[in-house]
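>>> this one's sequence-less:
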């Protein structure tokens, strides 16, 4: 399937029948161009979902009254942590952001994306929805914004410079992580965690600054990690969660009909984002290994390590013995108890500091 066709199919997911949507747009909408910061421009979720939504579909749906000027984090040369500060200051009206971008209230947001907690895409979305009230409090109180949708990146996996036979081979290796809970998981598996911005991982792997790295299956391929690694480990470490937030000052200036219209549009954006995750997870493995069709480029030939029962058990043990207790320390006893009640008990998970 060609890339152009994929773009068309996903655009259809975003808006449904775009001609019908445009015809049904309320006559009393405001006229507004939203300034938006998106994710990385070389990743599918930006190319196939975010950019078409803001650049094309919103305008079509609103009869041209509402449009978006989206700039990716790549184009803006940002590392990520600046995004919410720029949203709070009003430089951007809307931000596509990650929990790891949150500094004030970081432990609360971290709870939506604890490494190893989500065993499936469905579970990751359920966790985000269940924990949303706690995240909304932080977003409103600390950043003057509100969350209007969620998304996620493909399944997080290990990529390693050398061939490895099991997760036991991570012992002593330096592993690039994103976020504190990934760091806790890597340490529990015997590795040494190193935090490196996504755009700087390839040279770090190439030079041996790190031995392995964690990222999504397709993002790793699209960021050219296969050029500097030999093995991809298909063990689920969860999914990098994300959220779309709008500056409240900008939002409150919109008329009620416009707010209602945008709420429906954000829901369409959210559904399209989640629809892309499962497809991109599976295609990422194919693109990295050649074990299946790859529509976004020539397939690499990485060794695919299928995790053993012992490998899966090691991740589960790391989650229960290290990731959850260490997070509970960061968030506090009351926060951890609330997470266990609102999120964990459904999946047999409990967060309590050791």
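The structure has been received and is ready for your questions. All of these numbers come straight from a predicted model, not from anything done at the bench. Numbers count the residues shown, from 1 in each chain.
>>> count of neighbours near residue 30?
A count of neighbours around residue 30, defined by other CB atoms under 10 Å, yields 15. The way it works is simple: take the backbone N, C-alpha and C, and place the C-beta from them, glycine included.
>>> swap that for residue 330, sorry
Applying other CB under 10 Å, I find that residue 330 has 17 neighbouring residues.
>>> right, and it touches residue 181 too?
No: using CB atoms under 8 Å, residue 330 is not in contact with residue 181, being 9.3 Å away.
>>> which stretches of this structure form strands?
Assigned by DSSP state E, the chain shows strands spanning 32-38, 66-72, 94-97, 145-160, 174-177, 192-195, 212-216, 231-233, 239-247, 303-305.
>>> Return the backbone torsion pair for the closest residue to residue 333 other than its chain neighbours.
Nearest in space to residue 333, with sequence neighbours left out and distances taken as CB to CB, 6 or more residues apart in numbering, is residue 353 at 7.0 Å. For residue 353, the backbone dihedrals are phi -70, psi 140 (criterion: degrees, to the nearest 10).
>>> before we move on, back to that, touching both of residue 330 and residue 181, which residues are there?
Common contacts of residue 330 and residue 181 (CB atoms under 8 Å, 6 or more residues apart in numbering): residue 110.
>>> list the contacts for residue 189?
When contacts are counted by CB under 8 Å, 6+ apart, residue 189 touches 167, 170, 171, 314, 315, 318.
>>> Tell me where the model's unsure across the chain.
Flagging of the chain using pLDDT under 70 yields the residue ranges 1-24.
>>> how about 80 then?
Judged against pLDDT under 80, the low-scoring parts of the chain cover residues 1-25.
>>> how close does residue 294 get to residue 217?
Taking CB to CB, to the nearest Å as the measure, residue 294 and residue 217 are separated by 11 Å.
>>> So for those two, which residues contact both of them?
Residues touching both residue 294 and residue 217 (CB under 8 Å, 6+ apart): 283, 287.
>>> what about these two, which has more around it?
Of the pair residue 294 and residue 217, residue 217 is the one with more neighbours under other CB under 10 Å, namely 26 against 19.
>>> How about that one, nearest residue that isn't a chain neighbour?
Nearest-residue entry for residue 217: residue 284, 2.6 Å, with adjacent residues in sequence omitted and distances by CB to CB, 6+ apart.
>>> Counting neighbours, what do you get for the closest residue in space to residue 225 that isn't next to it in sequence?
Leaving aside its sequence neighbours, residue 225 sits nearest to residue 159 (CB to CB, 6+ apart; 5.1 Å). By other CB under 10 Å, the residues close to residue 159 number 26.
>>> so residue 159 bridges to which residues?
In this structure, residue 159 has beta-bridge partners residue 213, residue 232, where bridges are defined by DSSP bridges.
>>> so what's it up against?
Residue 159 makes contact with 205, 212-215, 220, 225-226, 229, 231-233, 288, 302, according to CB under 8 Å, 6+ apart.
>>> State the distance from residue 307 to residue 192.
Counting by CB to CB, the gap from residue 307 to residue 192 is 21 Å.
>>> try residue 139
Using CB to CB, which is the criterion applied here, residue 139 is 33 Å from residue 192.
>>> The two: who's more crowded?
residue 139 (26 against 16).
>>> show me the contacts for that one.
With contacts defined as CB under 8 Å, 6+ apart, the neighbours of residue 139 are 145, 146, 147, 245.
>>> of all those, which two lie farthest apart?
Using CB to CB, the pair of the contacts of residue 139 lying farthest apart is 145 and 147, separated by 7.6 Å.
>>> Overlap in contacts, these two.
In terms of CB under 8 Å, 6+ apart, residue 145 and residue 147 are both contacted by the residues 139, 245.
>>> And these two? Which one has more around it.
Here residue 145 and residue 147 are set side by side on neighbour count (other CB under 10 Å), and the busier one is residue 145, at 26 against 18.
>>> Who are the contact partners of that one?
Here residue 145 is in contact with 84, 87, 88, 95, 139, 245, 246, 247, 248 (criterion: CB under 8 Å, 6+ apart).
>>> Just give me the closest of these to residue 74.
The nearest one, if we look at the contacts of residue 145 relative to residue 74 and count by CB to CB, is residue 95, at 14.5 Å.
>>> So the closest one is in contact with residue 85, correct?
No: at 10.0 Å, residue 95 does not count as touching residue 85 under the criterion of CB under 8 Å.
>>> so can I have TSV of the contacts of residue 139 showing distance to residue 102?
Supplementary listing: the contacts of residue 139 in TSV, determined by distance: CB to CB, whole Å:
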residue	distance to residue 102
145	11
146	14
147	11
245	10
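>>> what would the strands of the chain look like in a markdown table with distance to residue 50?
Rendered in a markdown table, the data for the strands of the chain read as follows (distance: least, CB to CB, whole Å):
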| stretch | distance to residue 50 |
| --- | --- |
| strand 32-38 | 5 |
| strand 66-72 | 6 |
| strand 94-97 | 6 |
| strand 145-160 | 9 |
| strand 174-177 | 24 |
| strand 192-195 | 25 |
| strand 212-216 | 15 |
| strand 231-233 | 25 |
| strand 239-247 | 9 |
| strand 303-305 | 29 |
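>>> Nearest to residue 264, out of the ones you listed?
Comparing the strands of the chain against residue 264 with CB to CB, the closest turns out to be strand 145-160 (10.8 Å).
>>> Just want the angle from the closest one to strand 212-216.
Using axes from the mean of the first three to the mean of the last three CA atoms, to 10 degrees, the inter-axis angle of strand 145-160 relative to strand 212-216 is 140 degrees.
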